[in-house]
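Peer 1: sequence plus predicted model, see below.
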Amino acid sequence: MNIHEYQAKEILNAYGIPVPRGRVALTSDQVERASKEMGGRCVIKAQIYAGGRGKAGGVKLVHVPEQAQEFGKELFGKRLITPQTGPEGLKVRRILVEEAVDIAREFYLSITLDRESSRYCLIASAEGGVDIEEVARKTPEKIHVFHIDPYTGLRPYQARKTALALGLTGSVCEDCVELILNLYRCCLEKDCQLVEINPLVVTKAGWLLAMDAKFTFDDNAVFRHREYPDMVDYSQLDPLEINAGKYDLAYIKLKGNIGCMVNGAGLAMATLDVLKEFGGEPANFLDVGGGATREKVAEAFKIILEDCDAKGVFVNIFGGIMRCDIIAQGIIEAASEVKCTLPIVVRMDGSKVEEGKKLLLDSGLNVQCADNLGDGAARIVRMLG
Amino acid sequence: MSILINKDSKILVQGITGRSGLFHTQQCRDYGSTIVAGVTPGRGGIHIEGIPVFNTVAEAVHYTKATVSMIFVPPPAAADAILEACDAGMDLAVCITEGIPIRDMVLARRYQEESRTLLVGPNCPGVITPGECKVGIMPGYIHRKGKIGVVSRSGTLTYEAVKQLTDSGLGQSTCVGIGGDPIIGMKFIDVLQLFNDDPDTEGVFMIGEIGGGAEEDAALWIRDNMKKPVAAFIAGVTAPQGKRMGHAGAIITGGKGKAEDKIRTLEECGVTVATSPTRMGEAMLAALRNG
């Protein structure tokens, strides 16, 4: 789960991590007013759920409130296209207006999960404000990684080592130690998968400031943080993906015309692979969950049919313990309920396969049954010609 | 022989009184597994389906000598259940639960690593030794006793693979679903090592997917250590970039995670990789033919 930069900075601020003075604006008049408060000279930053905004024209230094308002007008409603957004881009609906800061040095700082060691790690680099993955590829020696033992937590000496590795000395070094310890506390208490400050800067006046921040919350921990769902800006998400999320379905919109409904993430991925192998193009990735209950199947049908790009549906359910006649019943009820007229190919496996197939073929739906994964993919591709 | 579990394994179920805990307990017992106890805090003293329920794992172990735990505890308390299983000195804990917070798992994994308990999962279908014992939620009927070890990060895709193996005339020694979460107990290499040392396993089928670098690590280990033929399938060749893959995770693994890279590394290390999910059985047959 992602949040905007301004929300991330509010959280950092609450953990004693200094951020630039700023205001979030929803209209260009608010942008102008905020810019006046900052004294005219300020930075205007489009708030979207993607990085690379600077190069896409979403960030600008302005000198007078009129200029701020003008740029605000230009930005609101505009779709910013960055390497992380995909070709459609993301619409700007919120703008952060921040005081302009004179920067002396820029750093990179983050805490994230390292899968290999099953621990959180602190990542720091003196190469800040740039694409950190690029730095990791070209000059890995410039990236410092410290693994954190969950028994001891991040210790002050480790934070100090990090600050020193960044080349900081004196009081700024001690400030940085405190900042790093606060960041770790924040990461744990807020159940983050990633907290990233890029860049962390030292101003010409000698203060540390988090100039940009990114948070990714752990989706599995939302039950501990009731406020998280309210923090989501739904205008930044695909409407179909929002709907799927409500029903607890994993859904990703793709470019093709074959709607897919599969149980289990691995099998769903393999189903996309096999459709492409047979020359088809999937319209979506959709995992209805290993159990494929009747309710989930019904919701999944609705979401697939809401996507106008889908011209046919491929259902691939490895029922396992579930009986295929029950799954078939679920498919029939769901498809009838949403008045599905699209051609459907169903591949089911589990007990009572033949009974399930018979139910489907007698249902009056435009449906074909496949014997296996390859047969199913071939059929739906052929049906859509 | 087999790995991890066999017909003599004594199993307890943590979270036995929950809906899916109870359902799968019955399914495992019907398959032939010996379920000796259940654990649900506050319900100790009752019997459910004739199985005695205890308040703690330690108590259940004391009275029943169970050595394997199957965990169905809901996410908020699941990491605690893993810790309890380790603390009670189980040989093996199989955690089926999906959705455990990362912070909880970091701690549970740290404790488990230093304990004597092996952990499979979380977020996995479990472990099955066909014809002998099932500790998990997989459909028993697709399996057949035999000589192929199966190890997988996926659930239903594993069922697909196992079915293809069985249809190709290849039975299985043991199938292990290691789970799809970023933090898991046993990884590919841990399971491959056991299969390598198991005299009744003659070849291994491995199922991976995009994300992380575990498949690459396994490939290198296979090249240097594996005495038996290995075939594999990697799901997600056509998966869109960047949708679920963590941003900073990519930094540490240095650009690892793509299916093509995993496939290339596996092939370079002598693993037969199925080019399509419809040809997993064929790939295993080919690997066995080529020794």
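Peer 2: That came through, no problem.
Peer 1: so what's the nearest residue to A:Val59 once chain neighbours are set aside up against?
Peer 2: Taking Cβ to Cβ, 6 or more residues apart in numbering or on different chains as the measure, A:Val59 lies nearest to A:Lys45, with 5.0 Å between them; neighbours along the chain are not counted. From N, CA and C alone the C-beta is placed, and that goes for glycine too. The neighbours of A:Lys45, taking Cβ atoms under 8 Å, 6 or more residues apart in numbering or on different chains as the test, are A:Glu5, A:Arg53, A:Gly58, A:Val59, A:Ile95, A:Leu96, A:Val97, A:Glu98.
Peer 1: now distance to A:Val338, neighbour count and secondary structure too, for these, in a markdown table please.
Peer 2: A markdown table is the format used below for these (distance: Cβ to Cβ, whole Å; neighbours: other Cβ atoms under 10 Å in any protein chain shown; DSSP: H, G, I helix; E, B strand; the rest coil):
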| residue | distance to A:Val338 | neighbour count | secondary structure |
| --- | --- | --- | --- |
| A:Glu5 | 39 | 26 | helix |
| A:Arg53 | 39 | 21 | coil |
| A:Gly58 | 39 | 22 | coil |
| A:Val59 | 44 | 18 | strand |
| A:Ile95 | 39 | 25 | strand |
| A:Leu96 | 41 | 24 | strand |
| A:Val97 | 45 | 27 | strand |
| A:Glu98 | 47 | 24 | strand |
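Peer 1: and the furthest pair within those?
Peer 2: Largest separation among the contacts of A:Lys45 by Cβ to Cβ: A:Arg53 and A:Val97, giving 14.5 Å.
Peer 1: surely A:Pro199 is in a helix?
Peer 2: No - under DSSP: H, G, I helix; E, B strand; the rest coil, A:Pro199 falls outside any helix and is assigned strand.
Peer 1: pLDDT wise, what is it at?
Peer 2: According to the model's per-residue confidence, A:Pro199 sits at a pLDDT of 94.
Peer 1: if I look at it, how far off is A:Leu305?
Peer 2: Using Cβ to Cβ, to the nearest Å, A:Pro199 is found at 46 Å from A:Leu305.
Peer 1: the helices in the stretch 251-385 of chain A, which residues?
Peer 2: Taking DSSP state H, counting those that start in this stretch to define them, one finds helices in the stretch 251-385 of chain A at A:265-277, A:294-306, A:324-337, A:353-361, A:373-383.
Peer 1: one more: chain B?
Peer 2: In chain B, the helices defined using DSSP state H lie at B:19-31, B:57-64, B:75-87, B:102-113, B:156-167, B:188-197, B:214-225, B:249-252, B:259-268, B:280-289.
Peer 1: related to what we said a few turns ago, mind giving me CSV with the contacts of A:Lys45 and columns for pLDDT?
Peer 2: Formatted as CSV, the contacts of A:Lys45 follow (pLDDT from 0 to 100):
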residue, pLDDT
A:Glu5, 96
A:Arg53, 89
A:Gly58, 93
A:Val59, 94
A:Ile95, 96
A:Leu96, 97
A:Val97, 97
A:Glu98, 96
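Peer 1: in this structure A:Asp375 contacts A:Met348, no?
Peer 2: No - with contact defined as Cβ atoms under 8 Å, A:Asp375 and A:Met348 do not form a contacting pair (12.0 Å).
Peer 1: who has more neighbours out of those two?
Peer 2: For A:Asp375 and A:Met348, the more surrounded residue by other Cβ atoms under 10 Å in any protein chain shown is A:Met348, and the numbers stand at 26 against 14.
Peer 1: could you find the closest non-adjacent residue to the more buried one?
Peer 2: With Cβ to Cβ, 6+ apart as the criterion, A:Met348 has its nearest non-adjacent residue at 4.6 Å, and that residue is A:Cys324.
Peer 1: with that, I have no additional questions.
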